[in-house]
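Colleague: Next one to model:
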Amino acid sequence: MTPEDVLERLDAPLSLRRRVGYVTLTLTGLAGSGLVGLLWLTEPGLPPRTEVAFAVLVAIGLCWAVFGGWALTRRAPLYAQDRVVAGWLGLGAWLLFTAGALVITTLRHRLEPALVVVVLTLGVLAVVNLRHARRARSALLRRKARLSRLS
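Modeller: Residues are numbered from 1 along each chain as shown. Okay, the predicted model is just below:
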């Protein structure tokens, strides 16, 4: 495979498989946040902790839907930028989840050990995913620069 062939593959837009994945992600985010939002609107007199939890879930679902739409509208090659954005979004969703869990446990006046384990595990996974995505993007950009110099 010549450097020109590799550059051509690197400069290709999203594959059909990735596009279908992003359409699925967008629709899932919209459906999830829509269903939780409808449940929230149709249940009067919910306790504050439940309203906070619903708000966090709606926000996370909408963020994933916006991300899917963003990735689908990119015409240029992404060079794993979608993975980096998804990593940051995962980290942000973890922060939202953690803030929501903190509010709920504060209102309940007790901290569940299982919740601490779940929050910490999700946080570690979010950070590892973001780090991996950033490294993958850097490697692709370095490879592209090297191949550009060769051709």
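Colleague: Tell me the gap between stretch 115-129 and the middle of its chain.
Modeller: 14 Å (CA atoms, centre = their mean, to the nearest Å).
Colleague: Quick check: buried residues in stretch 92-109?
Modeller: Within stretch 92-109, the residues scored as buried using 16 or more other CB atoms under 10 Å are 93-94, 96-98, 100-101, 103-105. (Glycine included, C-beta is placed from N, CA and C.)
Colleague: Correction: the previous question concerned stretch 28-39.
Modeller: 29-30, 32-33, 36-37.
Colleague: repeat for stretch 129-141
Modeller: Those would be 129-130, 133, 137, 140, for stretch 129-141 by 16+ other CB under 10 Å.
Colleague: Quick check: which ranges of the protein have low pLDDT?
Modeller: 1-12, 75-77, 151 (pLDDT under 70).
Colleague: before we move on, the earlier item: between the buried residues of stretch 28-39, which is nearest residue 63?
Modeller: Proximity of the buried residues of stretch 28-39 to residue 63 was ranked by CB to CB; the top entry is residue 29 with 7.4 Å.
Colleague: Which residues outside stretch 67-84 are in contact with it?
Modeller: Applying CB atoms under 8 Å, 6 or more residues apart in numbering, the contact partners of stretch 67-84 are 10-14, 18-19, 22-27, 29, 85-86, 89, 130, 132-134, 136-137, 140-141, 144.
Colleague: can you rerun that using 10 Å?
Modeller: 9-14, 18-19, 21-30, 85-90, 129-130, 132-141, 143-144 (CB atoms under 10 Å, 6 or more residues apart in numbering).
Colleague: Thanks again, I'm all set now.
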